[in-house]
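Trainee: pasting the sequence and the predicted coordinates here, then a few questions.
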Amino acid sequence: MKKILLLLCAAALIFAACKNKKEQAEPMAQQVELLNPADFETTIDSLPVALYTIKNANGMVAQITNFGARVVALWAPDKDGGFQDVVWGYPTIADYEKTNDHFCGPIVGRVGNRIRNGQFTLNGKEYQLELTAPGYTLHGGPHGFYTKVWTAEQKDSNSVTMTLLSPDGDGGYPGNFTLAVTYSLTDDNEFKIEYSGTTDAPTIVNPTSHCYFNLHGTSARSTNTHIMTIYADSVTQVDTLITPTGELMAVEGTPLDFRTPTAIGDRIEADFESMKMAGGYDHNWVLKPNAEGISATVYEPTTGIVMHIITDQPGLQFYSGNFFKGDETGKRGDVNNYRCGGIALEAQNFPDAINHPNFPSPILNPGETYTQTTIYKFEVKK
């Protein structure tokens, strides 16, 4: 009996040691910290605003408000078995109402990016849009889609659809344009954004998602350490207003060449005219997806998070957070520090395309349907 007891004690000690070793090798997953939907319940322009949560079978979670169809949180798996919230955002709807959030997470439009002087001609008629600043209209102007309350419909736990009617004359744009955007999380860890839009009169459209990504999961660490790959041989050249000149500029031999994986911070201060005009990276890459259909990849070694961008759009605007000033506090006390809050990676048509016949056309006519599918796919590299 004494020998049996000794054997049982030894077995218990071995089991405990193995359990402790396993727990050390496989740390407990960090819990996803959901934002409180009650903090997003309000009315804006007499329309109800709320927060919607979607998830997949692997533990990924996204939270989206119908104010601007904004992505407020996106939790992706990291190399330690936990999750990181990889988008910049605020903890309450009041924060979004009172702050200059630098287009933090919304769908922007009717036309994303810049239109020179807010002017264009369509079918022989000249149009003047509301200006964002002298010399250009940006992201649809001061009353763009990011300022609107969208209609939300959630039929299942892994997707939500936001719909907006932009009336004729809205911001200066012609035609009644209706846009539906469906956000979903697939079990392949894809954050998918699908667009579908129609109009009753000729108009121009180029909506895009404007999330700020930081794969550290916190703005306490700079996105300059992210390793970026963009499959593109050229960018659309810009002027001092960061508006396209109509020319394409080869990236070879320039700091804009991300055809091989390169840390964002390696060349961000380069003495290069196009980057000095933009204050860093704020350019539209002319995409040439690789054999797997991937247009760009971002990787952060400290968390092991890899994000692939797969899109049917011809361009990708990469903006490195050059205008963040550290003057706003977001979720979990994060501060939008200079080049830390996040990088924008906007799948889109080329900026100011309506004014450059050599760019892909942004014109949408009655009877046609505007569509776009852009996927941010997450993987882990250990």
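Mentor: In hand now; what should we look at?

Trainee: burial check on the nearest residue to Gly172 once chain neighbours are set aside, number of neighbours?
Mentor: Distances taken as Cβ to Cβ, 6 or more residues apart in numbering put Leu129 closest to Gly172, at 3.8 Å, once the chain neighbours are dropped. All C-beta atoms are positioned from the backbone trio N, CA, C, and that covers glycine. Using other Cβ atoms under 10 Å, Leu129 has 22 neighbouring residues.

Trainee: next: Ala201.
Mentor: Neighbours of Ala201 (other Cβ under 10 Å): 15.

Trainee: could you find the closest non-adjacent residue to it?
Mentor: Gly175 (3.5 Å).

Trainee: give me the element that neighbour is part of.
Mentor: For Gly175, there is no host helix or strand (DSSP states H and E).

Trainee: isn't it up against Asp200?
Mentor: Yes: the pair Gly175 / Asp200 is scored as a contact, 5.8 Å apart, by Cβ atoms under 8 Å.

Trainee: common neighbours of these two, please.
Mentor: Asp168, Pro366 (Cβ atoms under 8 Å, 6 or more residues apart in numbering).

Trainee: residue contacts, the residue nearest to Ala201?
Mentor: Contacts of Gly175 (Cβ under 8 Å, 6+ apart): Asp168, Thr199, Asp200, Ala201, Pro202, Thr203, Pro366.

Trainee: how about the helices in the stretch 201-350 of the chain?
Mentor: 273-278 (DSSP state H, counting those that start in this stretch).

Trainee: quick revisit: what distance do you get for the residue nearest to Gly172 to Ile44?
Mentor: 23 Å (Cβ to Cβ, to the nearest Å).

Trainee: just the CA trace of stretch 228-243, in CSV.
Mentor: These are the backbone C-alpha positions of stretch 228-243, laid out as CSV (Å, rounded to 0.1, in the frame of the first residue of the first chain):
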residue,chain,number,x,y,z
MET,A,228,4.6,46.3,-45.6
THR,A,229,4.4,44.7,-49.0
ILE,A,230,2.4,46.4,-51.8
TYR,A,231,2.1,44.7,-55.1
ALA,A,232,2.4,47.7,-57.4
ASP,A,233,4.9,49.1,-59.9
SER,A,234,3.7,52.7,-59.8
VAL,A,235,1.7,55.3,-57.9
THR,A,236,-0.4,58.2,-59.1
GLN,A,237,1.9,61.3,-58.9
VAL,A,238,0.6,64.1,-56.6
ASP,A,239,1.0,67.8,-56.3
THR,A,240,1.4,70.0,-53.2
LEU,A,241,-2.3,69.4,-52.4
ILE,A,242,-1.8,65.6,-52.5
THR,A,243,-4.0,65.6,-55.6
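
Trainee: buried set for that stretch?
Mentor: For stretch 228-243, the neighbour count (16 or more other Cβ atoms under 10 Å) marks Met228, Thr229, Ile230, Tyr231, Ala232, Ser234, Val235, Thr236, Val238, Leu241, Ile242, Thr243 as buried.

Trainee: how about stretch 183-198?
Mentor: 183-186, 189-198.

Trainee: now, which of these lie within helices?
Mentor: Using DSSP state H, no member of the buried residues of stretch 183-198 sits in helices.

Trainee: pull the most distant pair out of these.
Mentor: The distance between the two most remote of these (Cβ to Cβ) is 31.2 Å, for Asn189 and Thr198.

Trainee: count the neighbours of His143 for me.
Mentor: His143: 13 neighbours (other Cβ under 10 Å).

Trainee: distance of it relative to Val286?
Mentor: 30 Å.

Trainee: before we move on, what about Phe350?
Mentor: 8 Å.

Trainee: between the two, who's got more neighbours?
Mentor: Phe350 (24 against 20).

Trainee: find the nearest non-adjacent residue to that one, please.
Mentor: Using Cβ to Cβ, 6+ apart, the nearest residue to Phe350 is Phe359, at 4.3 Å.

Trainee: list the contacts for that neighbour?
Mentor: Phe359 neighbours (Cβ under 8 Å, 6+ apart): Thr236, Pro244, Gly246, Asn349, Phe350, Asp352, Ala353.

Trainee: confirm it sits in a strand?
Mentor: No: the assignment for Phe359, made by DSSP: H, G, I helix; E, B strand; the rest coil, is coil rather than a strand.

Trainee: phi and psi next, for it.
Mentor: phi -90, psi 160 (degrees, to the nearest 10).

Trainee: could you do Phe145 as well?
Mentor: Dihedral pair for Phe145: phi -60, psi -30, per degrees, to the nearest 10.

Trainee: that one: neighbouring residues, count only.
Mentor: 28.

Trainee: now it: how far from Pro106?
Mentor: 7 Å.

Trainee: intersection of neighbour lists for the two?
Mentor: Residues touching both Phe145 and Pro106 (Cβ under 8 Å, 6+ apart) are Gly68, Ala69.

Trainee: secondary structure class for Asp101?
Mentor: coil.

Trainee: avg pLDDT for stretch 73-82?
Mentor: Stretch 73-82 shows a mean pLDDT of 97.

Trainee: how about it: buried residues?
Mentor: Applying 16+ other Cβ under 10 Å to stretch 73-82 flags Ala73, Leu74, Trp75, Ala76, Pro77, Asp78, Asp80, Gly82 as buried.

Trainee: coming back round to it: which residues are in contact with each of Phe350 and Val286?
Mentor: In contact with both Phe350 and Val286: Thr236, Pro314, Gly315, using Cβ under 8 Å, 6+ apart.

Trainee: since that was my last question, I'll sign off now.
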